[in-house]
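S.K.: Provide a 3D model corresponding to the input given below.
(chains A and B)
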2 protein chains.
Amino acid sequence: MSETILVTGGAGYVGSHCVLEMLANKYEVIVIDNLVNSVRLEGNQMPESIVRVERLANTKVKQYLNGDIRDEEFLDQLFSSHKIDVVIHFAALKSVGESVAKPLEYYENNVSGTISLLKSMRKHGVTKFIFSSSATVYGDPEVLPLVESLPTGQTCSNPYGRTKHIVELILKDVCKSSPEWSVISLRYFNPVGAHSSGDIGEDPQDIPNNLMPFITQVAVGIRPELSVFGNDYNTVDGTGVRDYLHIDDLAIGHLKAIEKISGKGWNGFNAINLGTGRGYSVLEVISSLLTVLYSQQFILKIVKAFETANGVKIPYKIVPRRPGDVTALYSDASLALEKLLTFRQSSDLLYTRRRTFTVSLLGLPIS
Amino acid sequence: MSETILVTGGAGYVGSHCVLEMLANKYEVIVIDNLVNSVRLEGNQMPESIVRVERLANTKVKQYLNGDIRDEEFLDQLFSSHKIDVVIHFAALKSVGESVAKPLEYYENNVSGTISLLKSMRKHGVTKFIFSSSATVYGDPEVLPLVESLPTGQTCSNPYGRTKHIVELILKDVCKSSPEWSVISLRYFNPVGAHSSGDIGEDPQDIPNNLMPFITQVAVGIRPELSVFGNDYNTVDGTGVRDYLHIDDLAIGHLKAIEKISGKGWNGFNAINLGTGRGYSVLEVISSLLTVLYSQQFILKIVKAFETANGVKIPYKIVPRRPGDVTALYSDASLALEKLLTFRQSSDLLYTRRRTFTVSLLGLPIS
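M.R.: Prediction:
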């Protein structure tokens, strides 16, 4: 019988792509989500992202539940009625800027929520946990690329990053207290793109916090221009440098983590970067997009805001730095390659994907 | 009209001494406690410590409620029915050793609990908060004495210390997000002793985690000998060095913090050490106790376990180091002297008290 995976926050951008990958690989998947980052629905009505994931996978999730990880009764009920093998925990608030303005909401959802989830797991004997962490745990890095063994949390510049760091501290302490726990903390760099169907993707309800949905919204005419937050950073062109990882690679990273977590050598706390190992500045991303757009006439037809094939530009303006943003972040990706991708996937998977990821950057259908 | 202070964890060792000081200074005091560290009681039956505090102060607390800070409805009800001016937050689990074995309980009580308390405060417009922090936030110190401006949290060796550090991070973020907050985080070194009446004191239900109640229990015959956790530390005699502060001084520190927190210059997050500025090793404490015992025949009569006035000894054995204990911790006490004690108290209060604190170390009645 295949394993049953509980996915918290499974209706969101990263969650839905990972659920799709799990369904395609014959896992039983139970999804819970409080839809805090998307359109709220009544009862257990299934959000559009999961409807589409089921259609793409041509199979159903075992159960979808509209619920909150801070609700202990809800969790107890859930763990009592299903035998869960692994929990993948995406549920979180995720905007750096908002976290500065509303720290208590971030600490409550991300920290208290995880504590309550871990308590329920322990109560019901579930001890395999994959955590949706972030490269922000490294803070403002003194050395690049960022390798997992570097200290974390010392220079986190915003509450969002601190919540991820604090959850990692809690997970380390839980693993130390009890040898049956296996935890993989996947430290995401910047996930971008969408499933090649174009049916699921990143669709924030408000002004996007991340570069790619912002570009997408400008491209399709929802917003008149892109805001570039600061061009006075100490980088190649003054704009911030990030390590953009295609969402498909991120989903495969999670799939591999599920496969591995029950095996030898994964007891205790394991942090693994999910990034490409290469950083790009905001302006480099815009310019590489332009190259793609020139060569992909079919995308140009869809992208209404771009003037003509001969005069393509992505309108942007330089605005002040956002509080909490760091200059540059990119990963040392070798641990993920060694530990997660050696068996089923070709070992250079991340790198081959990287060469093509700009094609699907916009989350639009491509063929 | 005098100010109304909400005291969480007010029935405990530190809380009860502070409540006494507040009552003596005509504050209206509301005490809540879940009695997690002491004898559980039915309903809102008042714990013995508060009964005794009321008797010593010859006045009543405004209200005592048996309740938990993680219970949001309970807090909402409380803040709706009283106009609270300042919250003093003692409620916490506090054993270093236990925190290593039960990290989730520590994170839930100390971190999630504080988040829920802060959310209720904000909802009801209460923004003055005095936090019961700890010198453990400094971790294993590289320089001594410990001054407030040193980095915190980087080397905390146990979950208990991390919960205190994390709450400080949360408080800093809350203060940054909203200018109306005033927070004083009092970083306790090692509180010892008891009120001079001997009617209230430290009375752990289980094997004590701290030196003084352990000595007390040996002295009165509850335990046969004192465990000294390690004599291979790099200190004067190999035993751990701590900064022992008399509980009366600690209580006065809190009283001063209440007086100041509404005044100019206290907006935002303020960390203040409460210590004497001087460290003593475990063996030095035992030996200074012996000196006191020799000169205080009346104590010897009470202390049943000590053999005779001519052959006084405190039986102890060296046992292995406890996980999470650091070598030496003592404070730079000058900020507390400058900021909290300059007006009503003589400026050398902490120092004069220090000279006499051993007399009441045992928490026994002295005259």
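S.K.: okay, CA-based contacts and neighbour counts for the rest of this
M.R.: Noted.
S.K.: Please see if the lengthiest helix in chain A touches chain B.
M.R.: In chain A, taking DSSP state H as the definition, the longest helix is helix A:159-177. Yes: on the criterion CA under 8 Å from any CA of the partner chain, helix A:159-177 is in touch with chain B at A:P159, A:I166, A:I170, A:D173, A:V174, A:K176, A:S177.
S.K.: Which strands or helices does that helix pack on?
M.R.: helix A:96-101, helix A:103-106, strand A:128-134, strand A:182-188, strand A:268-274, helix B:96-101, helix B:103-106, helix B:159-177 (3 or more CA pairs under 8 Å, 6 or more residues apart in numbering or on different chains; DSSP states H and E).
S.K.: can I get these in TSV with distance to B:P323?
M.R.: As requested, the helices and strands packed on helix A:159-177 are arranged in TSV below (distance: least, CA to CA, whole Å):
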stretch	distance to B:P323
helix A:96-101	35
helix A:103-106	31
strand A:128-134	26
strand A:182-188	22
strand A:268-274	18
helix B:96-101	7
helix B:103-106	14
helix B:159-177	11
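S.K.: Please identify which of those is closest to B:F189.
M.R.: Among those, the nearest to B:F189 by CA to CA is helix B:159-177 (12.2 Å).
S.K.: Off-centre distance for the closest one?
M.R.: Offset of helix B:159-177 from its chain centre (CA atoms, centre = their mean, to the nearest Å): 18 Å.
S.K.: Now do that helix: everything it contacts.
M.R.: Residues outside helix B:159-177 that contact it (CA atoms under 8 Å, 6 or more residues apart in numbering or on different chains): A:100-104, A:107, A:159, A:166, A:170, A:173, B:93-96, B:99-100, B:103, B:106-107, B:110-111, B:114, B:133-134, B:136-137, B:139, B:152-153, B:156, B:181-183, B:185, B:268-269.
S.K.: Can you name the residues of chain A sitting close to chain B?
M.R.: A:100-104, A:107-108, A:111-112, A:115-116, A:118-119, A:154, A:159, A:166, A:170, A:173-174, A:176-178.
S.K.: just to revisit the earlier point, what mean pLDDT does the longest helix of chain A get?
M.R.: Helix A:159-177 shows a mean pLDDT of 97.
S.K.: Buried ones in it, by neighbour count?
M.R.: Burial within helix A:159-177, assessed by neighbour count using 16 or more other CA atoms under 10 Å in any protein chain shown, is assigned to A:159-177.
S.K.: would you list every one of the strands in chain A?
M.R.: Counting by DSSP state E, one finds strands in chain A at the ranges A:4-8, A:28-33, A:63-66, A:86-89, A:128-134, A:182-188, A:190-192, A:226-229, A:241-242, A:244-246, A:268-274, A:280-281, A:316-319.
S.K.: hey, which of these is tucked in deepest?
M.R.: Burial of the strands of chain A is given as mean neighbour count (mean count of other CA atoms under 10 Å in any protein chain shown); strand A:244-246 ranks first at a mean of 26.
S.K.: Can you name every helix or strand that that strand contacts?
M.R.: strand A:190-192, helix A:349-357.
S.K.: cutoff 7 Å now
M.R.: strand A:190-192 (3 or more CA pairs under 7 Å, 6 or more residues apart in numbering or on different chains; DSSP states H and E).
S.K.: List the contacts of the strand it packs on.
M.R.: A:M212, A:R242, A:D243, A:Y244, A:L245, A:H246, A:I247, A:L361 (CA atoms under 7 Å, 6 or more residues apart in numbering or on different chains).
S.K.: Quick one: neighbours of the third one, just the number.
M.R.: Pointing back at A:D243 there. 24 (other CA atoms under 10 Å in any protein chain shown).
S.K.: Verify the contact between it and A:S281 for me.
M.R.: No: taking contacts as CA atoms under 7 Å, A:D243 lies outside contact range of A:S281: 8.9 Å.
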